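S.K.: Below are the sequence and a predicted model; questions follow.
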Amino acid sequence: MKIDHLGVAVKSIGEARKFYEALGLSVEHEETVEHERVKTAMLPVGESRVELLEPTEEDSPVGKFLAKRGEGLHHVALQVEDVEAAMERLKAQGARLIADRVQVGAGGHRYFFVHPASAGGVLLEIVQPVRGEE
Ligand code: CO
């Protein structure tokens, strides 16, 4: 296992990326995730990444987070080899999940979110990368 990425909520990816680029990081991949109503930009950091999250609508999950908490750390993503098995084990423990099913990201990676109430106050994303892309 490793930390796949840290999700950071920002008002503007265009503005926020300048800070990371000044540190020597660069955007490797950008995409809009329609069903989450968010634009994302991935910046590799060693074997992990920073994921910038900019809402496309104010009433989206990240839009609500920004309104309530402002910009900042939104979630931590752990990479696993078998996302379905991880979900089953957490369900068996009674963990509270954000959605009941594993979702598929645009790049084909599979993921789900664990509610902070079951993860020590951290919104946790469990992600299984597309084979060969980890
Ligand atoms: Co994420």
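M.R.: Everything's here; your move.
S.K.: next structured bit after the strand or helix carrying R89?
M.R.: Using DSSP states H and E, R89 falls within helix 83-92. Tracing the chain C-terminally past helix 83-92 and defining elements by DSSP H and E, one meets strand 103-104 next.
S.K.: hey, C-alpha coordinates of the next helix or strand after that following strand in CSV?
M.R.: Scanning forward in sequence from strand 103-104 by DSSP H and E, the next helix or strand is strand 110-114. Extracted in CSV, the C-alpha atoms of strand 110-114 (Å, rounded to 0.1, in the frame of the first residue of the first chain):
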residue,chain,number,x,y,z
ARG,A,110,-11.7,2.2,-9.3
TYR,A,111,-12.4,3.9,-5.9
PHE,A,112,-14.7,4.6,-3.1
PHE,A,113,-14.8,7.1,-0.1
VAL,A,114,-14.9,6.3,3.6
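S.K.: Please see if strand 110-114 touches the ion.
M.R.: No - for a cut-off given as C-beta under 5 Å from the ion, strand 110-114 has no contacts with the ion; the smallest distance is 7.2 Å. Heads up, the C-betas are built off the backbone N, CA and C, glycines and all.
S.K.: still on that earlier bit, just checking the distance from the helix holding R89 to the centre of its chain.
M.R.: Relative to its parent chain, helix 83-92 has a centroid offset of 18 Å by C-alpha atoms, centre = their mean, to the nearest Å.
S.K.: how close does the residue of the chain found nearest the ion get to A85?
M.R.: Using C-beta to the ion, the closest approach of the chain to the ion is made by G7 at 4.2 Å. Distance of G7 to A85, computed by C-beta to C-beta, to the nearest Å: 23 Å.
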